[in-house]
Structures are given as C-alpha cells and as structure tokens.
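Asker: okay, predicted coordinates and the sequence, questions at the end:
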Number of protein chains: 2
Amino acid sequence: MNDEPRWLTDREQRAWQAYRRMFLLLNAQLARDLSRDSGLSEPDYDVLSSLASSPDHRRRVSELAARMLWSRSRLSHHLGRMEQRGLVAREECATDGRGAVVTLTDEGQQTIEKAAPLHVESVRRYFVDLLTSEQIDVFAEIGEHVVDHLKRSGDSGRS
Amino acid sequence: MNDEPRWLTDREQRAWQAYRRMFLLLNAQLARDLSRDSGLSEPDYDVLSSLASSPDHRRRVSELAARMLWSRSRLSHHLGRMEQRGLVAREECATDGRGAVVTLTDEGQQTIEKAAPLHVESVRRYFVDLLTSEQIDVFAEIGEHVVDHLKRSGDSGRS
DNA sequence: GCGTACTAGGTGACATGTCAATCATCTGGT
DNA sequence: ACCAGATGATTGACATGTCACCTAGTACGC
C-alpha cells in the first residue's frame, strides 16, 4: 500500500501552484478593496450578503452556518463581532428554546447595499472578466465536482 | 462612470460561488489531513517545502517571502513560531548587516520528508485526481493569468 | 413522565494573519 | 565624508479561525 509516492507531474504541479497563488493574491486584493471601499472584511460581506438574500432578512444560526459552509463556532464568534458593530442582531427563536435567529439591522442592510456593487466590480476586475465564458463554465464544473466529493467523503467515511 | 452595477450573470455567479466553496472545504480538508498525519499546518508545510527546495536548504528571509508571495511580516511571525518548535533556524547574513538567513534544521528536514508524500496523496485525493488532464491545464492557465494580472496591477497603479 | 442521547448555540484558549510603527543598516548624490 | 531616503527584518496590537468543551433545551424509547 505504501509504495513510491505518486508525486505530482509537472502539469499537475503547475495547476496546483497556480491555484494556491491565485487564491493568495486574489483574496488579499479583494479584502483590501472591500475594506477600503466599505469598511468590511470578506467574512463580514459573506454574512451580510447571505442574510440579505434570506427570507425576511432573518435566518436561524445553524441554517446560516450550513449555507455558508462555516462551522457554528466560527459563525458565532463572527456574529458577536458584527453585533457589536450594529450590523446584525440576535433574537431568541420562538419554536426552539435553544435556538437563535440572526437578523440584518437597518445599518447592516444599508451597508451591504452600498458594498455589493463595488465588490462585484472588484470580482469582475480581478477574476470574472479575465476568463472566457468557456473557462467560466469549466471552473464552475471543477469547483462543484470537488465540493461534492468533499461533502460526500466528509459525510460518510474515509475513502 | 457609476451607472447600473454589472451584476454577475448566473453562470458567473455559479463559478464564483463554486470557487469560494471549493476553497473553503478543500483547504479545511487538507489542513486537517496535514495536522493529523504530520502535525503541521499548511503554512508550516509551505515554508518547509519552500526551504527544502532552496539551494543548501537556506534562503534570505525576503527572498523566501517573495517566492511564497507572503508579506515579510507574516513570514517573520511564522518563522518565530517554527523556530520555537525547532523546524527552522535563523542566522545573520554575512553580506548585509540588516539581513537574516533562514535554514532548515535536521528535524525540519525529516519532518518535511515524512509529510510530503502524505500531503501529495491528500492533494491528489481531494483535487488533482478529480480533474481530467484538460481541466488541469485550463486551471493552470486561469490561475497564472489571474496571478499575472494581479501582480501587474499591484506593481504599477490602479487599473 | 423520565432518563439518556442528541442538538443549538456559545465560550475560552490558542494559532494565525494584518497593519502600522520601529530600528538598524545600506545607498546614492553632493 | 555625510545626510536623506530606501530597504530588511521584527514587533505589538488587534482581527480572525480552530478546537475542545460547556450549557440549556429537545426528542424519543420505555
């Protein structure tokens, strides 16, 4: 079982390196833009935009975490920080005494509405607009395939 | 200049979402594997493998940062932590009084040699082996194109 | 209607990353 | 030779993310 390791070929290596580097730089650039333009971090933006697209601008904490693929703990910490800043609010859940519901405050709503167009512009400038529409589709397929595989192998077992 | 925002089309949205989600899950999975198998974080692995492939297993701090696309500050903090654990060592630079040289310790060397095959196996299992060779190449092209664009726009100016 | 197991959510300690500031050294022009 | 500014590296304060653990509430078999 433990023979010679299957090292990456040159082409595989190239793709893997490119991916890591792209993420590093792209992420840093988008974070800088977002912070400069809207005073938000990327996680802030993700939470706000996820809430904004939820029915009635509210969502159970676990549900939100599941949609975002975040751990509950991460979300809980982050909601605490955003609550301090007045971007979101927490309420008790009527139907489940353990539960909590997060809602978008007015300020949160205004913030995301101002931030979204600028953020989309950054995403276009540094990523989407650089790709052909074929590349866009290939990219989506790859991403979804990898995500599916990870979700399945995470749910069941190890292989 | 500030007309109607150019929102992402459905297909663009799909690709962007897939990318973000892929990174989130893939990264978490690789980090878990690496930590379980070798007691390393991903940044640890990157530093060790970058040093291991350097001439004489040594490198000026700035040079290392530039190759890894890390900020000096990030690298400096991380080297501090890795030095504590005995994975790397710092020396003064002979030719530049300000400079420092990082080297791989024996333990660092052994650690990366044990970790590499296992890590490659994870990268294959959760990413590389899921892609066709056409997809691998498209991916590399996209990544490199995006990185080039970011580097160029970072060097010169804003647009 | 009770006890056990599960679930929702939160916390604390800690590892990591960022930004701005600091300090020493180097370098180029005069 | 000297000074102004650039550069190499580190640091401190702070924001973020992870893991393990805790608490309260729910669900379900008996």
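Answerer: Sure thing, it's come through.

Asker: next one: residue A:20 from chain B, what distance?
Answerer: 8 Å (CB to the nearest CB, to the nearest Å). (Glycine included, C-beta is placed from N, CA and C.)

Asker: tell me which element the residue nearest in space to the middle of chain A is part of?
Answerer: For chain A, residue A:46 is the residue whose C-alpha lies nearest the centre (CA atoms, centre = their mean; 5.5 Å). According to DSSP states H and E, residue A:46 maps onto helix A:42-52.

Asker: against which helices or strands is that helix packed?
Answerer: helix A:10-38, strand A:58-60, helix A:61-68, helix A:72-84, strand A:88-92, strand A:100-104, helix A:106-126 (3 or more CB pairs under 8 Å, 6 or more residues apart in numbering or on different chains; DSSP states H and E).

Asker: to residue B:5, which of these lies closest?
Answerer: Residue B:5 lies closest to helix A:106-126 among the helices and strands packed on helix A:42-52, at 3.5 Å (CB to CB).

Asker: follow-up on the earlier one: model confidence for the residue nearest to the centre of chain A, exactly?
Answerer: For residue A:46, the pLDDT comes out at 97.

Asker: and whatever residue of chain A ends up closest to DNA strand D, how far from residue B:38?
Answerer: Closest residue of chain A to DNA strand D, CB to the nearest atom of the strand: residue A:97 (2.6 Å). Going from residue A:97 to residue B:38 by CB to CB, to the nearest Å gives 43 Å.

Asker: how about residue A:81?
Answerer: 32 Å.

Asker: more neighbours: which of the two?
Answerer: The neighbour comparison of residue A:81 against residue B:38 (other CB atoms under 10 Å in any protein chain shown) goes to residue B:38, with 18 against 14.

Asker: in this structure the more buried one contacts residue B:111, no?
Answerer: Yes. Using CB atoms under 8 Å, residue B:38 is in contact with residue B:111, at 6.8 Å.

Asker: what helices or strands is the helix or strand bottoming out on mean pLDDT in chain A leaning on?
Answerer: Across the helices and strands of chain A, mean confidence by mean pLDDT, DSSP states H and E is lowest for helix A:133-155: a mean of 89. Under the contact definition 3+ CB pairs under 8 Å, 6+ apart, helix A:133-155 sits against helix B:10-38, helix B:106-126, helix B:133-155.

Asker: can you list these in a markdown table and add distance to residue B:87?
Answerer: A markdown table is the format used below for these (distance: least, CB to CB, whole Å):
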| stretch | distance to residue B:87 |
| --- | --- |
| helix B:10-38 | 11 |
| helix B:106-126 | 4 |
| helix B:133-155 | 28 |
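
Asker: possible to save those helices as TSV with distance to DNA strand C?
Answerer: Shown next, in TSV, are the helices and strands packed on helix A:133-155 (distance: least, CB to the nearest atom of the strand, whole Å):
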stretch	distance to DNA strand C
helix B:10-38	9
helix B:106-126	13
helix B:133-155	12
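
Asker: quick one on the thing from earlier: what residues does the least confident helix or strand of chain A touch?
Answerer: The list of residues contacting helix A:133-155 from outside it, by CB atoms under 8 Å, 6 or more residues apart in numbering or on different chains, reads A:128, A:131, A:159, B:11-12, B:14-15, B:17-19, B:21-22, B:25-26, B:29, B:126-127, B:130-131, B:135, B:138-139, B:141-142.

Asker: which positions in it come out as buried?
Answerer: Buried residues in helix A:133-155, defined by neighbour count with 16 or more other CB atoms under 10 Å in any protein chain shown: A:135-136, A:138-140, A:142-147, A:149-150.

Asker: return the set of buried residues in stretch A:102-122.
Answerer: A:102-105, A:108-109, A:111-112, A:115-116, A:118-122.

Asker: quick one: that stretch near chain B?
Answerer: Yes. Contact between stretch A:102-122 and chain B, assessed by CB under 8 Å from any CB of the partner chain, occurs at A:116-117, A:120-121.

Asker: and which of those is nearest to chain B?
Answerer: residue A:117 (3.5 Å; CB to the nearest CB).

Asker: roughly how far apart are that closest one and residue A:124?
Answerer: From residue A:117 to residue A:124 the distance is 11 Å (CB to CB).

Asker: over to residue A:58?
Answerer: Taken as CB to CB, the span from residue A:58 to residue A:124 is 30 Å.

Asker: do residue A:82 as well
Answerer: 26 Å.

Asker: so for these two, which residue has more residues nearby?
Answerer: The residue with more neighbours, out of residue A:82 and residue A:124, is residue A:82; 24 against 17, by other CB under 10 Å.

Asker: kindly state the beta-bridge partners for the residue lying closest to the more buried one once chain neighbours are set aside.
Answerer: Leaving aside its sequence neighbours, residue A:82 sits nearest to residue A:88 (CB to CB, 6 or more residues apart in numbering or on different chains; 4.8 Å). Counting by DSSP bridges, residue A:88 is bridged to residue A:104.

Asker: list the contacts for residue A:88?
Answerer: A:47-48, A:51, A:79, A:82, A:102-105, A:108.
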